[in-house]
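K.L.:
just to be clear, the model below is a prediction. Sequence and coordinates:
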Amino acid sequence: MVSTPYYRGRAKEYKVMEILRKEGWFCSRSAMSHGPVDIFAGKDGKTVLIQVKSGKSRIDKKGREELIRWAKAFGAEAEVWYIRKKKDILKEKIKLDEFQPKNIS
C-alpha cells in the first residue's frame with residue numbers, strides 16, 4: 001500500500017478509536033472531512049469530539065475555535081490527541097470557554 005499523509009493520518013485515527021473502544025466508548029470517524037472533528041465518541045451520556053494530530057503537527061487557532069464551536073453545538077467536550085513517533089499519546093482537553101464568538105449586529 002502506498003503511504004501518503006492521508007493513509008498515515010487515517011491509521012492514527014483508527015488507533016485512537018481502538019483505544020476508545022477498549023475503554024467502552026462508541027465512536028466513529030468523520031472520514032475525509034478535513035474539518036475540525038476527526039472522531040465522535042460517546043459513553044454513558046457523555047460526548048467527546050476529538051481532533052487527532054501526529055508528529056509535530058499542531059492545531060492552529062482557527063481549528064481550535066472551530067472545534068470549540070462544534071463541541072458547544074453538540075453539548076460535548078473537545079479534545080486534541082497528539083500521537084508521537086514513540087507511540088506516546090498526549091490528550092489535551094480543550095476549555096470551551098477559551099473562545100467566545102463575537103456578536104455580529
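P.N.:
Okay, I see it. Numbering: from 1, shown residues only.

K.L.:
what comes up buried for stretch 17-24?
P.N.:
17, 20 (16 or more other CB atoms under 10 Å). In this view, the C-beta of every residue, glycine as well, is placed from N, C-alpha and C.

K.L.:
could I get that stretch in CSV with only the CA atoms?
P.N.:
Coordinates of each C-alpha in stretch 17-24 appear next as CSV, following Å, rounded to 0.1, in the frame of the first residue of the first chain:
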residue,chain,number,x,y,z
MET,A,17,-10.8,4.6,18.0
GLU,A,18,-9.3,1.2,19.1
ILE,A,19,-8.2,2.8,22.4
LEU,A,20,-11.6,4.4,22.9
ARG,A,21,-13.5,1.1,22.1
LYS,A,22,-11.4,-0.8,24.6
GLU,A,23,-12.5,1.7,27.2
GLY,A,24,-16.1,1.2,26.3
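
K.L.:
the residue nearest to Ala31 when sequence neighbours are not counted: which element?
P.N.:
Setting aside the residues directly before and after it, Ala31 is nearest to Arg10 in space (CB to CB, 6 or more residues apart in numbering), at 8.0 Å. According to DSSP states H and E, Arg10 maps onto helix 5-22.

K.L.:
so what's the gap between that helix and the chain middle?
P.N.:
Between the centre of helix 5-22 and the centre of its chain there are 11 Å (CA atoms, centre = their mean, to the nearest Å).

K.L.:
contacts for that helix?
P.N.:
With contact meaning CB atoms under 8 Å, 6 or more residues apart in numbering, helix 5-22 is reached by 1, 27-29, 31, 38-39, 41, 50, 52, 54, 81, 83, 89.

K.L.:
what sits against Val48?
P.N.:
25, 40-42, 76-79.

K.L.:
rerun at 10 Å
P.N.:
Applying CB atoms under 10 Å, 6 or more residues apart in numbering to Val48 gives the contacts 20, 25, 27, 37, 39-42, 71, 74, 76-79, 93.

K.L.:
next one: Lys43
P.N.:
Taking CB under 10 Å, 6+ apart as the test, what Lys43 contacts is 20, 23-27.
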